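> okay, sequence plus prediction incoming.
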Amino acid sequence: MFKELINKLRLKELIAFSFLFSFALPVFAGEATVTSNKLAIDTIWVLLAAFLVFFMQAGFAMVETGFTRAKNAANILTKNLMDFSIGSIFYWMIGFGIMFGTTTLGLFGSDNFFLSGATLATPEGAWQYAYWVFQMVFAATAATIVSGAMAERTKFTSYLIYTGFITAFLYPVAGHWIWGGGWLEKLGIIDFAGSTVVHSVGGWAALAGAILLGPRLGKYNKDGSSNAIPGHNIPLAALGVIILWFGWYGFNAGSALSGTDLSLAAIVTTTKLAAAAGSILAMVTVWIKYGKPDTSMILNGALAGLVSITAGCANVSPLSAIIIGGFGGIVVVYAVEFIDKVLKIDDPVGAISVHGVCGAWGTLAVGLFAQESYGGVNGLFFGGGLSQLWAQLIGVVAVFAWIFAGSFLLFYLIKKTVGLRVSDQEQLKGLDVGEHGMEAYAGFQIFTTE
Amino acid sequence: MFKELINKLRLKELIAFSFLFSFALPVFAGEATVTSNKLAIDTIWVLLAAFLVFFMQAGFAMVETGFTRAKNAANILTKNLMDFSIGSIFYWMIGFGIMFGTTTLGLFGSDNFFLSGATLATPEGAWQYAYWVFQMVFAATAATIVSGAMAERTKFTSYLIYTGFITAFLYPVAGHWIWGGGWLEKLGIIDFAGSTVVHSVGGWAALAGAILLGPRLGKYNKDGSSNAIPGHNIPLAALGVIILWFGWYGFNAGSALSGTDLSLAAIVTTTKLAAAAGSILAMVTVWIKYGKPDTSMILNGALAGLVSITAGCANVSPLSAIIIGGFGGIVVVYAVEFIDKVLKIDDPVGAISVHGVCGAWGTLAVGLFAQESYGGVNGLFFGGGLSQLWAQLIGVVAVFAWIFAGSFLLFYLIKKTVGLRVSDQEQLKGLDVGEHGMEAYAGFQIFTTE
Amino acid sequence: MFKELINKLRLKELIAFSFLFSFALPVFAGEATVTSNKLAIDTIWVLLAAFLVFFMQAGFAMVETGFTRAKNAANILTKNLMDFSIGSIFYWMIGFGIMFGTTTLGLFGSDNFFLSGATLATPEGAWQYAYWVFQMVFAATAATIVSGAMAERTKFTSYLIYTGFITAFLYPVAGHWIWGGGWLEKLGIIDFAGSTVVHSVGGWAALAGAILLGPRLGKYNKDGSSNAIPGHNIPLAALGVIILWFGWYGFNAGSALSGTDLSLAAIVTTTKLAAAAGSILAMVTVWIKYGKPDTSMILNGALAGLVSITAGCANVSPLSAIIIGGFGGIVVVYAVEFIDKVLKIDDPVGAISVHGVCGAWGTLAVGLFAQESYGGVNGLFFGGGLSQLWAQLIGVVAVFAWIFAGSFLLFYLIKKTVGLRVSDQEQLKGLDVGEHGMEAYAGFQIFTTE
């Protein structure tokens, strides 16, 4: 019978039949197959990338701690740990469903709460766990960006409340628009790893928070001029930046959501070159502008390069990545000065400039530098016209509006109820003693500034 | 001839034959196959997980250093480095064979010393290297846990001796019982990644050591009340906790010992949620109990959650993980207080509570929360009756008895020969100068407490 | 027709035909295949290894910062960040082509600049990105080694110039000789992961730099005796060493350039054991020699073990790895003393000894300890005669000559033009203030030594 069957088959059918043999049969036997191997490669890549993105929490913690004063170090570290913890739970309960559940009018998802779609009974169900693990660390990244701009004066309780809302609602809605099948995705926006979805979201929320919170005591003089308040531990800040850079490889290349994608190494290449260019151009800019290559600004320049390339890391050439990241390094120097001296908003670590402003720049840059041979789309500079740039611009503006307004309202409500700001006395003494009843550096002789 | 053969085959035989074609033949040709790819995926996953677990050494080093005083920092760091180094050599020579060699009465293994079963001539032999690499970092984890509880007063030499014995004998025997084909494994105990095998082993050895060693000078007053001795570098401790959390993904998900296991991402999910819940519940507990959210306790809460979920990470649901980890976070607060104030045992970093007590809790929790749809077994709360809980309890008690008694004897012998404790004068001056002839923070003005 | 075809096939042809079915056909369909899975495994392994090697930058930064004085910390961190950034760009533009481009007389490559061979259109082109990512972090490692030996007295500008030249020319030429198809590779030299290519290159360049630069103020007394200048942050240095050890797994096992190589885990095994032996033997040596187990030397011992095994990690047995690494740990103690007290060259972190001397030892050791059952070649101790040792020796000498001479010339030219050394006044005050206009530890009370 089988012989007859084979005799009747034509080439095309035989190929299909051969396919069945190579793939499907071993599955029934519980054996490894090409398909099960591919799923495994995709899963371990996404998991390992997620671990790297998780480790960025250490990077943020070290950068924010290093760039602020010793008397507030334990507070900052606790905030950083807790925003990840609270974010994990809330994103599991609510955020993931809002971001990736079935869309309601392209605005938000409305099922898959409590990770209800995940199951070990099927490969697709098992993949849901991997997908959640990866997306969860992104949500926590957006949340933790905020703490830097609000450092050294925010009530611990208020921060905890805020962090629940951003991971449950604010971030997931913006994420749904761009990554979850929402209206911006349908518009064709490209934000591969989240210059806008993650970084600008964090940066614009930080902006709203810093405005409502007001500056640290001693930051501005009566004549409106600004005082520099130096960070207390540059080695930790530098370690933090290298950790962030390290984690960013997972952030960007993991966003392919597959370990078998041919473009993974190209993504790493653009990421690395943009970061390098960002730190070099920030160094040059600050050297020319202020006479010396300030370490803090060089560190922020590397981050600026990384944020800038995040949207387009899979869509641009290495040379374009150098231009995008390098321009980010220049932008961040001017943005920090503008926010500090013109807008007079006190952002101790430069989070608004690095994540908000460079996130917007990076998103727009895709509309300029995208090249078909990388991600299938051409931007303005490569003959693609204005359409992609237009989609990018709408995304930048829409997410700014949603996040700034939403965060502003949220912080405003917190301010009017629990209160946002610690007392001046506590601020002078330090939040470590005030909020946590401890010191970060017991035994060290430390001069408390202001 | 071949044609006739094919004509005679029935479907079943043809499938088997097809199998031979897809897998075996390319092997002869030295080509990649589904099987060789699977082995590669398993190998790189286990290696990468092992690297992450190795990196936990940095986590332990930073946590223990940060939570103790500046004058003993170099000593702690040196102990942490050396326990890994000595552990590597001893576990290669002896420990691995005792843990995974052919069993003698279910009590200990008795061959495969010096990694004699490993060879590059066969895939199975090559896998032995990967397996050793992974198991070795687990042995070192158990060893390094001890140093935290014995910090700031132990002779360096004594610690080196101890660490050789735990990695060569004490840990491998317990490991053989549960993972190496020993009597507890036959009893059906589930300790997926080692709440008991690794963490309780470390914790109970730490208990024995801390008892025999006695408290640090100035820890207890004449009336028996306890003084807090604050750690000198909370940023390092916080960094250490995030590094540990990061490494724990490898610890738990690597314990699947395969990169093609469908449950990897579910394991990461339970691990992450338990850690989050542990830190949140520890925060709430300490906040209610002492009035402020103490940073050190929150950090220990995250570790408590991680230790608690280690046994059951592949057997429980995300919700159960939150309960298990969260309860661990509560337990650790009370355990630290009980050990410090009631038992009057001086454990500078809380290692006994975090690793010993929460390790026991996590192991028992599998008997309560296990669910068939995750790891194939139901615990008490999911209709599985008491049998699994019973196996878990026997394991917890047996390992406690073996490790506590064995460590106690070992430390007792060291105490009576080499001596366990440095002189009071050295303790006051600091072990960095006394044991290593150096300072950890040359140039910094530091007040030496007590 | 197909039936007739099949009937005519003989076994051998049918196998070939079956191959076509299993591999080639799915490629046309854009499906996963055994081949595409293998490429994916190789790619993600090499990328992840490259991430780990990148993270070694944090290790170097922490080690160098910790082992020097607080007043120069920001300068060292900035140098470390910038050598990676500048190295990325220069290695992309020039270095990669010189190292791996088509060879000119076995001396240097002369095409593939600006990564021109990489493209996403073919698997081979995509692999070029991965290869560049991996090689680039190696170039940066060689560059960053230099900064340790030149710490605390080098002009920032001069360092930037130097770093461009080493990543664009000096390192790539040596790399071409050994890894890029050059004359030493043809001679049969084995330097699997770069004891010579990376570490000795860094070490000998550091030697040239330190000679031309002269010692730090206060390092040598008038009678020629040497003063120890203690490092200011041993916890950071220890963290750095663990990070380096962690990254070294990627450095060595990634150098297989394949995730499907059966020997990956054996490479990790030799790496780990050599590092362990290095730290143990350095401890024993320094303990006997100076009376106390100095932490700094133990840390350098671990690095010495790692550098020593780098050349032979895939060619020697675990036992040989212990001997090679352990001997490296002894060597480094004597080398540090010899360079400091006899040669009177001021190398603040011991970079010349760790990377230069142990790199040479490790390269030679392959000629002694190589075993056919690991990497296919036998060294002197395993019946292979002197030929391999001879090739290794020529490589060590040739690379020393090229790098020492080239670096000496380069540093000499920089010295005569831009100047190498900061003013004595700036050195006393610290390079953080002098070069970057900032302090690393604002608020801490720090005694400035010298």
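Happy to help now that I have it. Note that this is a predicted model, so its numbers are computed, not measured.
> endpoints of stretch A:409-422, how far apart?
20 Å (Cα to Cα, to the nearest Å).
> equivalent analysis for stretch A:206-226, please.
Between the opening and closing residues of stretch A:206-226 we find a distance of 19 Å, counting by Cα to Cα.
> in that stretch, what counts as buried?
Of the residues in stretch A:206-226, those buried under the neighbour-count criterion (16 or more other Cβ atoms under 10 Å in any protein chain shown) are A:206, A:207, A:208, A:209, A:210, A:211, A:212, A:213, A:215, A:216, A:219, A:220. In this view, the C-beta of every residue, glycine as well, is placed from N, C-alpha and C.
> and the first one, helix, strand or coil?
Taken by DSSP: H, G, I helix; E, B strand; the rest coil, the conformation at residue A:206 corresponds to helix.
> what sits against it?
With Cβ atoms under 8 Å, 6 or more residues apart in numbering or on different chains as the criterion, the residues that contact residue A:206 are A:145, A:146, A:148, A:149, A:150, A:347, A:351, A:352, A:355, A:356.
> cross the residues you listed against helices and list the overlap.
Members of the contacts of residue A:206 lying in helices (criterion: DSSP state H): A:145, A:146, A:148, A:149, A:351.
> burial measure for the third one, as a count.
Residue A:148: 29 surrounding residues under other Cβ atoms under 10 Å in any protein chain shown.
> residues contacting it?
In this structure, residue A:148 makes contact with A:60, A:63, A:64, A:67, A:206, A:347, A:348, A:349, A:350, A:351, judged by Cβ under 8 Å, 6+ apart.
> one more time with 6 Å
Taking Cβ atoms under 6 Å, 6 or more residues apart in numbering or on different chains, we find residue A:148 in contact with A:64, A:349, A:351.
> I'd assumed residue A:198 was in contact with residue A:141.
Yes - between residue A:141 and residue A:198 there is a contact under Cβ atoms under 6 Å: 5.4 Å.
> chain B contacts on chain A?
Proximity of chain A to chain B (Cβ under 6 Å from any Cβ of the partner chain) is limited to residues A:2-3, A:21-22, A:25, A:32, A:34, A:37, A:40, A:43-44, A:47, A:51, A:54-55, A:57-58, A:65, A:73-74, A:77-78, A:85, A:88-89, A:120, A:126, A:129-130, A:133, A:236, A:436-438, A:440, A:442-445.
> got a ChimeraX select line for the buried ones in these?
Command for ChimeraX that selects the buried part of the residues of chain A next to chain B, burial taken from 16+ other Cβ under 10 Å:
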select /A:21,22,25,32,34,37,40,43,44,47,51,54,55,57,58,65,73,74,77,78,85,88,89,120,126,129,130,133,236,436,438,440,442,443,444
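> what residues does the stretch 301-450 of chain A put near chain C?
Neighbours of chain C within the stretch 301-450 of chain A, by Cβ under 6 Å from any Cβ: A:445, A:446, A:447.
> quick one: low-confidence parts of chain A?
Applying pLDDT under 70 to chain A picks out residues A:1-30, A:448-450.
> which parts of it are strands?
According to DSSP state E, chain A carries its strands in the segments A:103-104, A:108-109.
> how about residues contacting the last one?
Residues from elsewhere that reach strand A:108-109, judged by Cβ under 6 Å, 6+ apart: A:97, A:98, A:99, A:100, A:101, A:103, A:173, A:176, A:180.
> phi and psi next, for the last one.
Right, residue A:180. Comment: the main-chain dihedrals of residue A:180 come out as phi -100, psi 20, following degrees, to the nearest 10.
> for residue B:38, see how far away it is.
To residue B:38, residue A:180 is 33 Å away according to Cβ to Cβ, to the nearest Å.
> so which of these two has more stuff around it?
Neighbour tally, residue A:180 and residue B:38, criterion other Cβ under 10 Å: the higher count belongs to residue A:180, 25 against 22.
> the more buried one touches residue A:98, doesn't it?
No - counting by Cβ under 6 Å, residue A:180 does not reach residue A:98; the two are 8.2 Å apart.
> biggest separation within the buried residues of stretch A:206-226, which pair?
Every pair in the buried residues of stretch A:206-226 was compared (Cβ to Cβ); the two farthest apart turn out to be A:208 and A:220, at 19.2 Å.
> center of chain A, which residue is that?
residue A:198 (3.7 Å; Cα atoms, centre = their mean).
> for it, give me its contacts.
Residue A:198 makes contact with A:138, A:141, A:142, according to Cβ under 6 Å, 6+ apart.
> in helices only, show me those residues.
Within the contacts of residue A:198, residues falling in helices by DSSP H are A:138, A:141, A:142.
> could you check how far the last one is from chain B?
It refers to residue A:142. Using Cβ to the nearest Cβ, to the nearest Å, residue A:142 is found at 16 Å from chain B.
> and the residue nearest to residue A:251 when sequence neighbours are not counted, how far from chain C?
The spatially closest residue to residue A:251, leaving aside those adjacent along the chain, is residue A:53, at 5.1 Å (Cβ to Cβ, 6 or more residues apart in numbering or on different chains). For residue A:53, the distance to chain C equals 12 Å [Cβ to the nearest Cβ].
> contacting residues for residue A:53?
If you count contacts by Cβ under 6 Å, 6+ apart, then residue A:53 has A:137, A:247, A:250, A:251 around it.
> how does it look with 7 Å?
With contacts defined as Cβ atoms under 7 Å, 6 or more residues apart in numbering or on different chains, the neighbours of residue A:53 are A:137, A:138, A:141, A:247, A:250, A:251, A:254.
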